[in-house]
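Participant: Structural data only, the sequence is not supplied:
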């Protein structure tokens with residue numbers, strides 16, 4: 001037992017001496033705890049970005065949409081009388097005036113009926129004249145006491161009966177002339193005649209058979225739909241009467257200028273849009289019914305606005321922000337998106353001349369060192385950033401154009 005205690009004491013003294021020697025010797029180099037950088041370590045490399053200076057200028061806002069050309073009026077010509085066409089007076093594609101004769105129907109039976117009624121009227125007029133003479137003679141005889149008052153009254157009644165017969169036959173003649181007039185079909189309005197699917201000898205049915213369609217081409221309308229958020233501007237422009245609308249066909253570079261004509265009274269609940277029409281002069285027939293056109297409507301202008309590229313605006317959890325280059329670092333600044341037009345955005349919260357980051361913003365954090373370079377030719381922003389080279393977020397939209405533009409989220 002005594003030997004065991006002596007051995008433990010000896011081991012303890014040896015361990016204490018080893019620890020003392022270790023403490024007195026030079027410390028061995030070791031890595032900083034927690035991964036902290038040593039004083040001689042290098043700083044993070046600068047992120048390459050492209051910047052654009054914010055400018056102060058006027059920004060014209062406009063709404064764009066795809067519309068379709070619709071005629072001011074398109075009238076289907078249908079007969080009001082069943083029968084057979086005896087003559088066609090127009091050709092397809094002809095321009096006609098209002099009231100111009102288009103078709104003639106075979107109305108010989110109606111003409112005979114009218115002639116019969118005219119003969120009856122002539123007979124009634126003769127009988128009326130004879131009754132009137134009999135009445136005059138009866139009055140003369142009554143004055144000489146050759147006839148009674150009853151004979152005079154009978155003659156008066158005969159005159160009145162013949163007058164009634166004459167009026168009835170005249171009314172029958174007027175009624176018979178109505179279907180006879182339907183036999184000559186005239187243009188209800190001026191315009192261009194479309195396809196004529198009938199010929200002389202074709203049988204037609206009243207209010208069923210379409211003989212032709214007359215379309216008014218000058219002036220002409222363009223119908224399109226706009227978001228309901230634009231309704232206040234549309235109503236103000238419609239009331240002013242000075243709203244100009246541009247329409248451009250896909251195959252033509254030159255745009256046509258028209259005038260805002262109509263804003264619908266209801267908003268489509270399914271799409272959230274309101275129907276709008278604009279009217280254009282079309283003397284050269286450049287717009288054709290059914291064609292699709294690109295429409296642009298100027299709504300208002302922002303004067304002395306701070307304008308930056310729209311892709312520079314990032315939608316974060318705290319609202320819209322931009323990165324501004326200051327002293328070699330990216331400084332995060334909150335902004336308010338006032339309006340957007342194409343690739344331009346009018347904002348508040350920065351000053352004219354501030355250099356906002358456009359390309360490379362997806363790699364930035366607040367106060368990240370940056371290396372500025374010239375902006376790329378594509379002003380829509382970087383396509384990299386996020387998984388598979390796609391942006392990780394959605395930038396601030398909400399401009400007047402209603403078009404979504406991709407961007408990146410900020411770091412939390």
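Facilitator: Arrived safely. Every value quoted in this text rests on a predicted model; they were computed, and no experiment measured them. Numbering: from 1, shown residues only.

Participant: for the host helix or strand of residue 158, packing partners?
Facilitator: Residue 158 is part of helix 149-181 when elements are defined by DSSP states H and E. If you count contacts as 3 or more C-beta pairs under 8 Å, 6 or more residues apart in numbering; DSSP states H and E, helix 149-181 packs onto helix 108-143. In short, each C-beta sits where N, CA and C put it, glycine included.

Participant: for the helix holding residue 158, what is the average pLDDT?
Facilitator: Rounded to a whole number, the mean pLDDT of helix 149-181 is 93.

Participant: ditto for stretch 201-212
Facilitator: Summarised as a single mean, pLDDT over stretch 201-212 is 94.

Participant: next one: stretch 332-347
Facilitator: The pLDDT scores in stretch 332-347 average 90.

Participant: still on that earlier bit, tell me how far the helix holding residue 158 lies from the chain's centre.
Facilitator: Once both centres are worked out by C-alpha atoms, centre = their mean, to the nearest Å, helix 149-181 turns out to sit 62 Å from its chain's centre.

Participant: and what of stretch 236-255?
Facilitator: 12 Å.

Participant: try stretch 183-190
Facilitator: For stretch 183-190, the separation from the chain centroid amounts to 34 Å (computed by C-alpha atoms, centre = their mean).

Participant: what angle do the helix holding residue 158 and helix 108-143 make?
Facilitator: Helix 149-181 and helix 108-143 are oriented at 160 degrees to each other (axes from the mean of the first three to the mean of the last three C-alpha atoms, to 10 degrees).

Participant: Report the buried residues of helix 149-181.
Facilitator: With burial defined by 16 or more other C-beta atoms under 10 Å, the residues of helix 149-181 counted as buried are 151-152, 155-156, 158-159, 162, 165-166, 169-170, 172-173, 176-177, 179-180.

Participant: In this structure residue 100 contacts residue 186, no?
Facilitator: Yes. Using C-beta atoms under 8 Å, residue 100 and residue 186 qualify as a contacting pair, with a distance of 6.3 Å.

Participant: residues of stretch 192-209 that come out buried?
Facilitator: For stretch 192-209, a neighbour-count test (16+ other C-beta under 10 Å) marks 192-194, 196, 198, 204, 209 as buried.

Participant: Span of that stretch from start to end?
Facilitator: Across its full length, stretch 192-209 reaches 19 Å end to end, with C-alpha to C-alpha, to the nearest Å as the criterion.

Participant: Which SSE is immediately downstream of the lowest-mean-pLDDT helix or strand in the chain?
Facilitator: Using mean pLDDT, DSSP states H and E, the weakest-scoring helix or strand in the chain turns out to be helix 2-24, at a mean of 45. Going down the chain from helix 2-24, the next helix or strand is strand 47-53, by DSSP H and E.

Participant: Show the secondary-structure elements that the very next helix or strand once past that following strand is packed against.
Facilitator: From strand 47-53 onward toward the C-terminus, using DSSP H and E, the following helix or strand is strand 55-71. Secondary-structure packing of strand 55-71 (3+ C-beta pairs under 8 Å, 6+ apart): strand 220-227, strand 292-309, strand 336-341.

Participant: Report the buried residues of the longest one.
Facilitator: Along strand 292-309, the positions that meet the burial threshold by neighbour count (16+ other C-beta under 10 Å) are 293, 295, 297, 299, 302, 305-309.
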